[in-house]
Structure formats: C-alpha cells, structure tokens
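Engineer: Sequence and predicted model, in that order:
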Amino acid sequence: MSGMHYEGNHIIRPPSEARSILLQVTVGCSHNKCIFCPTYKGVRFKIKPDEIILKDLDYAANNYFNVRRLFIMDGDALILPQKKLVWLLEQINKKLPLLERIGIYANAKAIKRKTLEELKELKDLKLGIIYYGIESGNDETLKFVKKGTTHQELYEQGRKVIEAGIKLSCTVLLGIAPNGKSYEHAVDTGKLLTKIDPDYVGALTVMIVPGTELYDMVQRGEFKPLNQRELLVELKNMLEATNMTHGLFTSNHASNYLPLKVKMPDEKEEALKMLEKALKGDIPLREEWMRGL
Ligand code: SF4
C-alpha cells in the first residue's frame, strides 16, 4: 500500500486483516498507557485530516478496487466521534462499493462512548468486525497493566458490540499478571470470555520490549516474566475456564510458543489434552529463537 499515507512507528493490524486495505484514520492510541505496549510510544494521538483520508481512499479505489475487506487504523480508531465515523464509512462505501466488511480496533472506553443505536448505525454501514483488546478479565491484572478498565466494563461493552450485530474478536494476553497471579488472571479471563461469548479469541503472549514500563520493571527486578512452562499452564487454565457456545479460540500468533486453533465448544477437550501433553514434554514446542518470526 505504498501509495497511501502512513504515520507513526509501525503498521499494526490483526493477522486476519493481512490482505485488507489498511486505511489509517487516527495516528497512535488515545489511551497509550498500557505498561506492556510498545506500539505507539512517543506517538501523539491525532485524527488525520479529511483531505489525506480522502486521498488515500481515492488511491485505494484506483488500485485495490477488488479487495473485499478494509481495516481502519490505528490503535483505537472507534474513539472517533460518531459523526466523523459515519462520514468516514459513507465515503468508504461510496468509493469502494465492492467491500464486504470493514474492521476496526477498539478498547472498552471507545465502545462505551457509543450507544447501541450508534453501533447499529455503523453496522449498517458495513462495520462488520471489532477487534477488542481485553488482555485480562482479572481486575488486579487490568490495574497492574494500566488498561484503564474493569472486568465488568469489558463485559458490558463487549456484549453491546454483539447485540449490535457486529462480530467481536477479543485479544487476551498471556504473561501479564502481577507475579503470583497467573492463575487468577487465567481463570477470570476465561470467565469473562464465557460471559461475552465472542466470535473469536486470540490469546497472545506478551513480548517484553525495551521502551515499555514493563521492560523497566523487569530490569529493576520488580517483575519476573513467566517461563515457557508457566505460560503454557496459564493458557491451559484460561482455556479450561472458557466456555464459549461457538467461535474460535486461537493462540497461533507468531509470538506464541504453541500454535492452537480450537473450534468452540467441540474441540476444547482435545486441545486441553494436547496442552497437557505439551506440559509433560510429549509434544515439542517452538524454540525460543523462533518467537517473533
Ligand atoms: S489500548 Fe491498545 S494500543 Fe493503546 S496502549 Fe493499550 S494496548 Fe496499546
């Protein structure tokens, strides 16, 4: 997408949007406080000017006319005022009429600002999926990582998206609980996912990246990262506590030790058995050096 205007440190999009048109509408993240998140460090949150967005859309219309999906960036673009979002989606639909689905990242704060009716309005303009950064269902962990939200709020805002008829993909993060709280983090996250009952769950493993608060805490000896085995135990506990009626639970991100794709609820028991085997050493894990590839 070299003809389009991108600002900031990285282009971040969910793995499932790898082939989508990437339209950057905001730069950075309006929260930007999570202690593990390197993505928008040093990037000041802003909304891009309408002219630039329209130019990018024209470029996309000329070059990617046949692409069926578009992803709106950056971190939490749903934070845009409703009027602006409606305008944006109308422009997108006008210029790219063949699109089937538009996706966006959102945190609880951004969804909270939208009423159910407003979300439905966005749905009617082809907003088909929201990627929702939950990270944890454990209040102590949420506070520790400075996510700025709670279990209850994550639950209510997640359900609202589903009620509006928009697909919900939740991201949770292994290895972020305060030391000694891995079990609580795993189980409370499983309980939250059960209550929300989303369409997709992606369990990623935290990467401890220089420049983040978490990295500094590790350097100072205030936080001890989980080892490979402890991360697997956490994943197993989380999956065990997650009872979704449908959907996919994956942990196949490049940053994870063991790729997993579980169709819920049918394949859950089998996946738990596989995790047990991995913990016993019967299944080889991806080597440390392969993480992040
Ligand atoms: S809300 Fe998301 S993008 Fe923003 S700081 Fe937290 S993890 Fe990073």
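Structural biologist: Yep, it's here. Numbering: from 1, shown residues only.

Engineer: Now Cys80: phi and psi?
Structural biologist: Cys isn't right for residue 80; it's Leu. Per-residue torsions, Leu80: phi -60, psi 150 (degrees, to the nearest 10).

Engineer: Thought Lys46 was touching it, still the case?
Structural biologist: No: contact criterion Cβ atoms under 8 Å: Leu80 and Lys46 do not qualify, at 11.4 Å. Heads up, the C-betas are built off the backbone N, CA and C, glycines and all.

Engineer: residues shared between the contacts of these two?
Structural biologist: Common contact partners of Leu80 and Lys46 (Cβ atoms under 8 Å, 6 or more residues apart in numbering): Thr26.

Engineer: Neighbour count for those two, which is higher?
Structural biologist: Leu80 (20 against 13; other Cβ atoms under 10 Å).

Engineer: so what's the more buried one up against?
Structural biologist: Applying Cβ under 8 Å, 6+ apart, the residues contacting Leu80 are Val25, Thr26, Ile47, Leu88.

Engineer: How about the residues of the stretch 51-200 of the chain by the ligand?
Structural biologist: Gly75, Asp76, Asn107, Gly133 (Cβ under 6 Å from any ligand atom).

Engineer: Run a quick neighbour tally on the third one.
Structural biologist: For Asn107, the count of nearby residues is 24 (other Cβ under 10 Å).

Engineer: does Leu70 really touch Arg19, like I thought?
Structural biologist: No: the criterion here is Cβ under 8 Å, and Leu70 misses it with Arg19 at 10.7 Å.

Engineer: Of these two, which one has the most company?
Structural biologist: Leu70 (25 against 11).

Engineer: Just the pLDDT for Gln228.
Structural biologist: Confidence at Gln228, expressed as pLDDT, is 82.

Engineer: Just the helices from this protein, written as ranges.
Structural biologist: Secondary structure of the chain by DSSP state H: the helices cover 50-63, 82-95, 108-112, 116-124, 139-144, 151-163, 182-196, 213-219, 228-241, 268-280.

Engineer: Could I get the ones you listed in a markdown table, plus columns for mean neighbour count?
Structural biologist: Compiled in a markdown table, these are given as follows (neighbours: other Cβ atoms under 10 Å):
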| stretch | mean neighbour count |
| --- | --- |
| helix 50-63 | 16 |
| helix 82-95 | 16 |
| helix 108-112 | 21 |
| helix 116-124 | 16 |
| helix 139-144 | 19 |
| helix 151-163 | 19 |
| helix 182-196 | 22 |
| helix 213-219 | 16 |
| helix 228-241 | 20 |
| helix 268-280 | 15 |
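
Engineer: I appreciate the help and will end here.
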